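In: Following is a predicted model, sequence given first.
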Amino acid sequence: MLAYLIRRLFLAILTMWAVSVLSFVIIQLPPGDYITTYIAQMSASGSFVSAQEAEALRQQYGLDKPLYIQYLRWMTLILQGNFGMALEYSRPVAEVIGDRLWLTMVVSVAAILLTWLLALPIGIYSAVRQYSIGDYIATFVGFIGLAVPSFMLALILMYLGFTLLNANIGGLFSDELAEAPWSLAKLWDLTKHLPLPALILGLGGTAQLIRIMRANLLDELGKPYVVTARARGLPERRVILKYPVRVALNPFASTIGYLFPYVVSGSIIVSLVLSLPTVGPLLLKALIAQDMFLAGTIVLLLGVMTVVGTFISDLLLIWIDPRIKFEGR
Amino acid sequence: MAPKRKGMTRREFLREAALATGTLSLAGLTPLPAQAGQAAEPKLGAQLIGKLEGPELVLDPAKWPKKFSEAPMLADLVKQGKLPPVEKRLPEEPMVVKPVHSIGRYGGTWRRGFTGPGDGENGNRIVSMDKILFWDYTGNKVMPCLARDWKVSDDGRVIAILLRKGHKWSDGHPFTADDFIFWYEEVYLNKDLQPTPNPDFMVNGKPGTLRKRDDYTVVFEFPDPNYLFVDILAGSTAMGGGQATQQHFNRTMGAYMPAHYLKQFHAKYVSREEADRKAKAAGFDGWVSYIKNRWDWRLNPELPVLGPWKTVSPINTPTWVLERNPYYYEVDTAGNQLPYIDRISMTLAENLEVLNLRAIAGQYDLQERHTALAKLPVFLENRSKGNYDVRLDPALNGSDATLQTNQAYDADPEIAKWLQTLDFRRALSLGIDRDQLNETFWLGVGTAGSVAPAESLPYSPGPEWRKKWSTYNPKQANEFLDKVGLAKKDGEGYRLRTDGKGRLRLELLTAAGAFIPHTQIAEMIKEQWRKIGIQGDVKEVERSLFFTKIKGNEHQISIWLNDGSEVLYLFPRHALPVDPVEAMLGHPIADWYASGGTKGKEPKDPELKKALELFRTAAGKKTQERYKIAQEIWKIMVDNQFSIGTVGQSPAAMGVRIVSKKLGNIPSRQVNAQHARTPNSSHPATFYFKA
């Protein structure tokens, strides 16, 4: 077990390093750099940047140095615990991300919980009452959520919310409380605003989970041990929930790995449309602007999340499925 | 055993589902209006454009108020002894303004939307009364601002600025000529902070100097006549743009800075080690980047400012909040210290759709920035529900979607030849149906025609130049193209290249995500050019790539706005290739111009060269003569169609004003121009909440 852990750790670090190099290179690939984005932005908003200013900025941010020097500079900073300056925000990257990180987690965890809470029971119901009206309706709604692009769904629901319900548009807080310090009222405001984003973010994944659950469970329900359990007189609920469902949960455990980065990046486009202050829009803007440190750090963060998440899901699988053993020599 | 199937088969179910979905989608999930084809009735647009009006300065000291009053929130602080009384806070010679409609009342929070730390202009413009000089509400006449007066020597070499006695920074410290000297000697001449001199502070390539005549008089001196400098100080330029705009995001210009506050961060006043230590402690590389962060009004709430509001919550947070400056130097004619409004609260909209939706929902009190003209029908529909009015402010520039032909293009000699052929360009222009573009993309509210600025401006060459070479005349276009040697066409009617390489294809480069839908406009032009046998290829690229390509001299024809060109001398880059940062008529030509002929490529076209030479002489000429020169330049540009204009003078950029019905002193029409720092020419400090 220890050898396994050590080997995993070593591989993880190697993967992280590879991710950092790759992300740095890829982010830099488009022609131009952050300053060109800045010039374009200024021009499009009725302002302007002079040639001297552009040159001076390039020098100041070290953007005129070759790529590997910029990368080494970034790596040195990270090893000192400093993730660098986010160019557009003029604030340390750690602050910019940190502000949004836990809100991202709240929204994403809410979405994931909603997805699981909806999908698992519906999936079980679908399998048990196969081909009934309930099965069809549930699957249908799930597929709508899957097929409609989530950002369009978000926009439509926002507009409907405004015209029909006079609800606040987008964001996670109402205007008055947005800048207020944390209080019970603000927490309640957050809870009021959470359902819409969580629903939209969650709906897409619901169909997938429903179908997987349904399919797995159908496989299991046909097996002899279920028939035996019924025949032995176990209540129906125990028959289904205690054994087949546990087996059907196997693929969920293995997908927890990619849930972690999802928690952090949280569906970029929907966050953009709903104006949620999460990490998703931050990453998008940083990539477009070629804001090296910010984008690179977020991608690195996602990499760490994925590696950690995969590791946890491996451990989880070992725990719940006794058929899985360590790879022997 | 599989359970017995009840009810419908899967096939039947799918059929029912399809029918249901079809009905649902027809049931009118209210669509946001499509960009094409939804033209408002022409009359509606005209109704929304009001009469140009605005506050006026009272310059006669005899008419100034003798007693002053202040906002209740400040009066409270005075009672508590935290602020001196209002008479001591105002300068001896405050700026006295007659509000456009009435004396206002104090109080309220102005809600606005902004799009992120890159949207500094959103706030910069509102506090632009920190400029040295400014304009009247028409945007045409230079007026006092921070300076109460100015004097130009007869030979135009010496411009003296007279400041206001007793003028104070927002922390109470006096604002004097020393703040100009600090900027000049410790920032502008400091190679660490300003590596290269700025062209705005030069004339004919020679640098100007700044010196102090007394505590309240600052003198700018040039080796050659520089009558243009007064306009430069009034416009939004590196020298005249004011503290907020010219010192945000690492800029170093603006001509003055709060010396008393910044000295603690400057390596000359504290030692370099100390300055660097402070910087590193705050997380910066060194004292240079730290001081640039400290003098940025959007990021540093402690920075003393001179504008009507100062930052309390910085721009790189989800809410950018501004609060009144207790030492602001403007009063109304009844002696009330401005601004009336206590706070401005800008909420972050990650995305333009959300911003527009919030505007529709009435969540903003006054928003003219980022609101889309294409959404006008939806804005109008929800007026009463959102409790706001909609106003349209046409801009003054000739063309919101200008086809700039690259006069230095060399990658394809055949295309380069045609771009430099006069009648070819004229033919392209005559082949554009501008009225159709106007109806589709500007909802009929724009003015179709050439790139020349609005006729109301002194720079305008005259009304006949609006339509010159800028009407829809495919017959004449076809004649021109046949005459220049492109008469041969292929089977589908497209003209062929003369070098035998097939069809003549022109690439139209557009940028994604600008205020105006350039790509769709280009697509429509491409359709229209079929009738004259020209094949257009529309290439849309991401915005910063657009500018990178132009800089790399890769484009044939680029499409962008020509905003700012209405005040030719202050913002020439969209009219002439003079600035290497954005030179759509040819980057090498701009290099040639900016370097004085040592770099880049000389323009091959003698008319273009003439226009550039005329432009170069303008700084040394007096105002009336400068106007004549500008008119000559525009005549050359329109006659030669280097830049082909389509539709302009529209409210598409910053001209769709959503105004809450609760606000007063809102002009029915305001100048929509870059040099007037829209909405600053309407004196935002005079806006007030009626109830």
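Out: Received it, and whenever you're ready, just let me know what you need. Residues are numbered from 1 along each chain as shown, chains lettered A, B, ... in the order given.

In: what does whatever helix or strand residue B:312 lives in contact?
Out: Assigned by DSSP states H and E, residue B:312 belongs to strand B:309-313. Residues from elsewhere that reach strand B:309-313 (C-beta atoms under 8 Å, 6 or more residues apart in numbering or on different chains): A:179, B:123, B:126-127, B:170, B:297-301, B:303, B:319-325, B:339, B:343-344. (C-beta placed from N, C-alpha, C; glycine too.)

In: Then stretch B:551-558?
Out: For stretch B:551-558, contacts defined as C-beta under 8 Å, 6+ apart pick out A:31, A:36, B:403-406, B:408-412, B:415, B:419, B:506-510, B:546, B:549-550, B:580-581, B:583-584, B:586-588.

In: Any of those buried? List them.
Out: Neighbour-count burial (16 or more other C-beta atoms under 10 Å in any protein chain shown) is assigned, among the contacts of stretch B:551-558, to A:36, B:403-406, B:408-409, B:412, B:415, B:419, B:506-510, B:546, B:549-550, B:580-581, B:583-584, B:586-588.

In: rewinding a little: can you tell me which of the contacts of stretch B:551-558 are in strands?
Out: Counting by DSSP state E, those place B:403-405, B:506-510 in strands.

In: wait, what's in contact with residue 289?
Out: With no chain named, the answer covers chain A. So residue A:289 contacts A:34, A:37-38, A:87-88, B:118, B:544 (C-beta under 8 Å, 6+ apart).

In: my bad, the chain I had in mind was chain B
Out: By C-beta under 8 Å, 6+ apart, the neighbours of residue B:289 are A:60, B:250, B:279.

In: on that earlier part again, any chance of JSON lines for the ones in strands among the contacts of stretch B:551-558, columns pLDDT and distance to chain A?
Out: Formatted as JSON lines, these follow (pLDDT from 0 to 100; distance: C-beta to the nearest C-beta, whole Å):
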{"residue": "B:403", "pLDDT": "95", "distance to chain A": "17"}
{"residue": "B:404", "pLDDT": "95", "distance to chain A": "13"}
{"residue": "B:405", "pLDDT": "95", "distance to chain A": "19"}
{"residue": "B:506", "pLDDT": "95", "distance to chain A": "23"}
{"residue": "B:507", "pLDDT": "95", "distance to chain A": "17"}
{"residue": "B:508", "pLDDT": "96", "distance to chain A": "18"}
{"residue": "B:509", "pLDDT": "95", "distance to chain A": "13"}
{"residue": "B:510", "pLDDT": "94", "distance to chain A": "12"}
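
In: Farthest-apart pair in those residues, please.
Out: Pairwise distances across the ones in strands among the contacts of stretch B:551-558 peak at 14.5 Å for B:405 and B:510 (criterion: C-beta to C-beta).

In: The strand holding residue B:312 pairs with which strands, and in what direction?
Out: Using DSSP bridges, strand B:309-313 pairs in its sheet with strand B:319-324 (antiparallel).

In: what's the closest of the contacts of residue B:289 to residue B:520?
Out: Sorting those by how near they are to residue B:520, with C-beta to C-beta, puts residue B:250 at the top with 35.4 Å.

In: can you tell me how far residue B:195 sits from residue A:270?
Out: 44 Å (C-beta to C-beta, to the nearest Å).

In: higher neighbour count, these two?
Out: Using other C-beta atoms under 10 Å in any protein chain shown, the more surrounded residue of residue B:195 and residue A:270 is residue A:270, with 25 against 13.

In: Verify the contact between the more buried one and residue A:198 for me.
Out: No - contact between residue A:270 and residue A:198 fails when scored by C-beta atoms under 8 Å: they sit 10.5 Å apart.

In: Now do the domain split for the chain, please.
Out: Going with chain A. Under the assignment automatic domain parsing, the domains of chain A span A:22-82, A:101-320.

In: switch to chain B, that's the one I care about
Out: By the assignment in automatic domain parsing, chain B contains the domains B:56-258+B:295-368+B:655-689, B:402-648.

In: Near chain A, which residues of the stretch 501-650 of chain B are found?
Out: Taking C-beta under 8 Å from any C-beta of the partner chain as the criterion, the stretch 501-650 of chain B approaches chain A at residues B:511, B:513-515, B:542-549, B:551-552, B:560, B:563-564, B:571, B:573, B:579-582, B:594.

In: Go again with 7 Å.
Out: Applying C-beta under 7 Å from any C-beta of the partner chain, we find that the stretch 501-650 of chain B lies next to chain A at B:514-515, B:543-548, B:563, B:571, B:573, B:579-582.

In: List the residues that contact the residue lying closest to residue B:622 once chain neighbours are set aside.
Out: In space, residue B:622 comes closest to residue B:227 once its chain neighbours are excluded; the distance is 5.0 Å by C-beta to C-beta, 6 or more residues apart in numbering or on different chains. Residues counted as contacts of residue B:227 (C-beta atoms under 7 Å, 6 or more residues apart in numbering or on different chains) are B:152, B:156, B:620-623.

In: Could you rerun that using 8 Å?
Out: When contacts are counted by C-beta under 8 Å, 6+ apart, residue B:227 touches B:152, B:156, B:619-623, B:626.

In: would you list every one of the strands in the stretch 351-500 of chain B?
Out: Using DSSP state E, counting those that start in this stretch, the strands found in the stretch 351-500 of chain B span residues B:366-367, B:388-392, B:402-405, B:447-448.

In: returning to what we had before: looking at the contacts of residue A:289, which are in helices?
Out: In helices, judged by DSSP state H, the following of the contacts of residue A:289 are found: A:34, A:37-38, B:544.

In: start to end distance for stretch A:233-249?
Out: End-to-end distance of stretch A:233-249 (C-alpha to C-alpha, to the nearest Å): 24 Å.

In: quick one: it near chain B?
Out: No - against chain B, stretch A:233-249 shows no contacts by C-beta under 8 Å from any C-beta, the least distance being 14.2 Å.

In: for that stretch, which positions count as buried?
Out: Counting neighbours by 16+ other C-beta under 10 Å, stretch A:233-249 gives A:239-240, A:243-245, A:248-249 as buried.

In: which one among those residues gets closest to residue B:285?
Out: The closest of the buried residues of stretch A:233-249, once distances to residue B:285 are taken by C-beta to C-beta, is residue A:249, at 51.1 Å.

In: what's the following helix or strand after the top helix by length along chain A?
Out: Ranked by residue count under DSSP H, the longest helix found in chain A is helix A:93-128. Note on helix A:93-128: by DSSP H and E, the next helix or strand toward the C-terminus is helix A:133-147.

In: Centre of the chain to that following helix, how far?
Out: Relative to the centre of its chain, helix A:133-147 is centred 23 Å away, using C-alpha atoms, centre = their mean, to the nearest Å.

In: so how far is the next helix or strand after that helix off the chain centroid?
Out: Of the helices and strands lying after helix A:133-147 in sequence (DSSP H and E), the nearest is helix A:150-165. Here helix A:150-165 is found 22 Å from its chain centre; the criterion is C-alpha atoms, centre = their mean.

In: Can you give me the neighbour number for residue B:491?
Out: 5.

In: meant to ask about residue B:685, not that
Out: By the criterion of other C-beta under 10 Å, residue B:685 has 30 neighbours.
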